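> Give me coordinates for this.
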Amino acid sequence: MAVTLPVFAVFLAGLLELNHAYMAVTTLQAATRQAARMGATGEMTTDEVETATRDILGSTFQPAYVEILIKDASAFDSNPEGGFDIDALPAIDLATAEPRTLFVVRAEVDYSDISMVAPFFVKGTDENGNDTAARLSAQSVMRHE
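Sure thing, here's the model as predicted:
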């Protein structure tokens, strides 16, 4: 019993943390999808789409920790195989975007900023192989109407 209870408690905490991370990713996906739909209608500006994304995310965690990118994804039309760095794509002004212009809404957050327990066991690595906080992200791509 003296060994079983701590092992079970660690297992239970890990299970709760994993479910919390899954909920965060699902919320990021829903927020980017809803924001992309709003941006596709042509009635909202890029800033309004970003604000709407933060409002949706605010029901789950602190939206100030989230980095939101709204970029022109027209490059995917000429090269559907992808391989593009979303950060390198040009910004888009949805208020003046041409019809049928492809755009992407991406939201990213460091898991350490929103975790329930200090995530000492969840690490990511950067391009140089250094340990970093794991990043959760989601994106949605739509055509402007």
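> so where's the protein shaky on pLDDT?
Along the chain, the model assigns pLDDT under 70 to residues 80, 82, 118-126, 131.
> run the last query once more with 90
1-3, 5-21, 41-44, 58-63, 73-91, 93-102, 110-136, 144-145 (pLDDT under 90).
> Strands of that one, residue ranges please.
Assigned by DSSP state E, the strands in the chain fall at 67-72, 102-110, 123-125, 131-133, 135-143.
> just so I know, which of those strands lies nearest residue 22?
For the strands of the chain, proximity to residue 22 was assessed by Cβ to Cβ; strand 135-143 is nearest, at 9.6 Å. The C-beta positions use only the backbone N, C-alpha and C, and glycine is treated the same way.
> which residues touch that closest one?
Strand 135-143 is contacted from outside by 21, 24-25, 28-29, 31-33, 35-37, 39-40, 73, 76, 86, 100-111, 114, 124, using Cβ atoms under 8 Å, 6 or more residues apart in numbering.
> dump the residue contacts of the closest residue to residue 97 other than its chain neighbours.
What sits nearest to residue 97 in space, not counting adjacent residues and going by Cβ to Cβ, 6 or more residues apart in numbering, is residue 144, at 4.4 Å. Counting by Cβ under 8 Å, 6+ apart, residue 144 touches 39-40, 42, 94, 97-103.
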